[in-house]
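Asks: Using only what follows, build the 3D model:
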Amino acid sequence: CRRDGMAESGGALRFISPTQSPSSGFGSASPGDWDAIITEQQQKLHEAITLMDLKAAATSSFALASAQFSKGLVTKAIASFREAASFAQDAGVRSIEGRACGRIGDIHVGLGEFEAAVPWFTRGRNVTRLLGDRLEEARACHALGCAYEALGDLQRALLGHQEHLAVSEEIHDWNGQARALLDLGNVCCSMGNYHDAVAWHTQCIRTTRQYGDLLTEGRAHCDMASVLCSLGDFDQALEHAKDARTLAREAKDRIGEGRACGALGYVWESMKSEEKALGFYEEELSIARDVQDHVGEASAFNNLGNVCGLLGRYHRAISYFNKAMENARKRGDRWATGVTHGNLGNQYRAMGQYDLAVEHYEKSLRLARTTGNRLGEQKSHSNLGKLYELRGELRQAQECLEKSLTLAQEVKDEVAARRACLDLGSVFLKLGDMNSTAGMVQKYLDQAPSVGERTQKMRACHMLGAVSRARGEWISAVGHFDRALGFARNVHDSEQEQTISKALGEARRCVEEAEARKREEAKRAELARRKSEEKAAMMMADAGMDEEEEDDEEGEDNDDDDEEEEEEEKEEKEEVAAAEEGGRGGGEDDDNDNVERVMGKEDH
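Replies: Okay, here's the model as predicted:
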């Protein structure tokens, strides 16, 4: 849809159809008249060169190029416009030079060659600025901003659209202001600055209402619906898409009505209502065919292919993408051809036909490099990385995704950079590198907007839960899985909801088991403590009894000693008494002898 929006957003970029002359000045000439006009202008050019009339040569070259372009002779038209710019520069006819540069840029845009268009738009802007032609300068700024946007150089795109807005405000060109506001909103959306995008689109709606521009207002409502889907505000997105269709019908703008149907389909697709989305995309295709809007037809084919793929109708999806491819090739749009190769690769990847998927991804990558589409190059590397991850070729996946991240950072595409971080996190998780996984996922969360991107946040929380689970940090895992489950329910992703619920249940069981183990360990510790205290008490009690026994033994020993002493004293007294008794019966000498013996014994 952004491809369609960029091609038709107004100004010089509208001149991309081989059946429409870019302000050639020939009025409504029929296709059969182009040969005659070409011949006439060739003769005039030859005469001007012969006469060295550079101004006339510039005028004739420009008219010749316009006729060649209208006939579909694109390569010759580019060459003639180049000649016109050169003659005009030498003749000092800046107005023709500026217009010729703009037309060359337009043709390259129509071919999807945005890198080639940038220097011509830049030259055209500089020339018109020198001339003081503010209206043409504003258109050149617009064209330059759109080209940079297609290349994925969002910072330069933002500057281009800001210059367009400033010039348009200075010259009071409200139509240019509305276009610039619309483009600024789209670039901010691509950069992930959703709230800024809402502000720009709101201002655009107010401006177009003030001047009664139903067509641009309807387009702003379509783009607002896309931004609100990114923010997850599907109800408001649906209202804006409906408003876009109502305004298109009021203005009898069939192309705008088809675009509004595409916006309605996108909202329902974002809400996981693929069948409803399919109906609106079919209506978008029908309208595009009725009004022969080939760019709108290509957009519808791609939208139908995407939603059929989501519904699992892969063969039907591939059929739609092949039709989109044929459409892009007929228009010579290599940019759109590269995008469609990427879509085909996605379908073959979903079908498990990885070799065919790689083939289409590599074709998409080559076309992106050829056309200077760095954002397309980034997307191709991202797709290849996801495919290699599915095949289990994780190191190749890591290499591709790291290139994707680098390119996204270089072109300042913050949304693509954040998603590349998540994709790398997924690969690191499978490699078992938990630190790198956590680092990449946290990097995404640090940069993610506070509102919106709920699907990506679901992935991020799911991966952090897996990291915590691998580390055995079950409480942390429960927290991450719980948040992921909330996001899955918000985006109505039943498959992820089931997967995450299972992981959350397992984590909770592990937490409960861990808590049960802790309680059991606590019980065991308490029991061991009590046993230890009882044992200590028993030991202390035993120690007290031993001391009492020792005291008793010492007391018994003392009693024995006393008894012995008493016995000895008793024996001595008995001996003394016996001696005295014997002395009464003997002489005095005997008594003296006895006394001596007793005293001697006592002395002894």
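
Asks: those strands in the stretch 401-550 of the chain, which residues are they?
Replies: All residues of the stretch 401-550 of the chain lie outside strands when identified by DSSP state E, counting those that start in this stretch.

Asks: so where's it uncertain?
Replies: Scanning the stretch 401-550 of the chain for pLDDT under 70 picks out 544-550.

Asks: just the helices in it please.
Replies: Assigned by DSSP state H, counting those that start in this stretch, the stretch 401-550 of the chain shows helices spanning 414-431, 434-447, 454-471, 474-490, 494-584.

Asks: These into CSV, with extra columns for distance to Leu154 and mean neighbour count?
Replies: Backbone N, C-alpha and C define where each C-beta goes, glycine included. Output for the helices of the stretch 401-550 of the chain, formatted as CSV (distance: least, Cβ to Cβ, whole Å; neighbours: other Cβ atoms under 10 Å):
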stretch, distance to Leu154, mean neighbour count
helix 414-431, 8, 22
helix 434-447, 15, 18
helix 454-471, 19, 21
helix 474-490, 27, 20
helix 494-584, 30, 11
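
Asks: who wins for proximity to Gln41 among those?
Replies: Among these, helix 414-431 comes nearest to Gln41, with 46.0 Å by Cβ to Cβ.

Asks: Just give the number of residues close to the closest residue to Ala336 other than its chain neighbours.
Replies: Nearest-residue entry for Ala336: Ala328, 3.8 Å, with adjacent residues in sequence omitted and distances by Cβ to Cβ, 6 or more residues apart in numbering. Using other Cβ atoms under 10 Å, Ala328 has 25 neighbouring residues.

Asks: same for the helix or strand hosting Ala328, what does it pack against?
Replies: Using DSSP states H and E, Ala328 falls within helix 314-330. Contact analysis of helix 314-330 by 3 or more Cβ pairs under 8 Å, 6 or more residues apart in numbering; DSSP states H and E lists helix 294-310, helix 334-350 as its packing neighbours.

Asks: nearest spatial neighbour of the residue nearest in space to the middle of the chain, skipping sequence neighbours?
Replies: Nearest to the mean C-alpha position of the chain, by Cα atoms, centre = their mean, lies Arg419 at 2.7 Å. Once flanking residues are discounted, Arg419 sits nearest to Gln456: 6.5 Å by Cβ to Cβ, 6+ apart.

Asks: Hmm, the one you found is touching Leu422, no?
Replies: Yes. In terms of Cβ atoms under 8 Å, Gln456 counts as a neighbour of Leu422; the distance is 6.0 Å.

Asks: what do the two both touch?
Replies: Tyr444 (Cβ atoms under 8 Å, 6 or more residues apart in numbering).

Asks: hmm, back to that, now the helices and strands packed on helix 314-330 as TSV including mean pLDDT?
Replies: TSV is the format used below for the helices and strands packed on helix 314-330 (pLDDT from 0 to 100):
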stretch	mean pLDDT
helix 294-310	93
helix 334-350	91
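
Asks: is it possible to export these to a markdown table including mean neighbour count and distance to Phe280?
Replies: Listed next are these as a markdown table, based on neighbours: other Cβ atoms under 10 Å; distance: least, Cβ to Cβ, whole Å:
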| stretch | mean neighbour count | distance to Phe280 |
| --- | --- | --- |
| helix 294-310 | 24 | 9 |
| helix 334-350 | 23 | 19 |
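
Asks: who wins for proximity to Asn126 among those?
Replies: helix 334-350 (25.2 Å).

Asks: need the next SSE after that closest one, C-terminal direction.
Replies: Criterion used, DSSP H and E; the element after helix 334-350 is helix 354-371.

Asks: In the helix or strand following that following helix, which residues are buried?
Replies: Heading C-terminal from helix 354-371, the first helix or strand you meet, by DSSP H and E, is helix 374-390. For helix 374-390, burial by neighbour count (16 or more other Cβ atoms under 10 Å) applies to 374-389.

Asks: What of stretch 135-145?
Replies: Here stretch 135-145 shows Glu136, Glu137, Ala138, Arg139, Ala140, Cys141, His142, Ala143, Leu144, Gly145 as buried, counting by 16+ other Cβ under 10 Å.

Asks: helix or strand for the last one, which one?
Replies: This points to Gly145. Following DSSP H and E, one finds Gly145 within helix 134-151.

Asks: Who are the contact partners of Leu356?
Replies: Counted by Cβ under 8 Å, 6+ apart, Leu356 has contacts Gly345, Tyr348.

Asks: mind running it again at 7 Å?
Replies: Tyr348 (Cβ atoms under 7 Å, 6 or more residues apart in numbering).

Asks: rewinding a little: pretty sure the residue nearest to Arg419 contacts Cys421?
Replies: No. Under the criterion of Cβ atoms under 7 Å, Gln456 is not in contact with Cys421, lying 9.5 Å apart.

Asks: Nice, that's everything, thank you.
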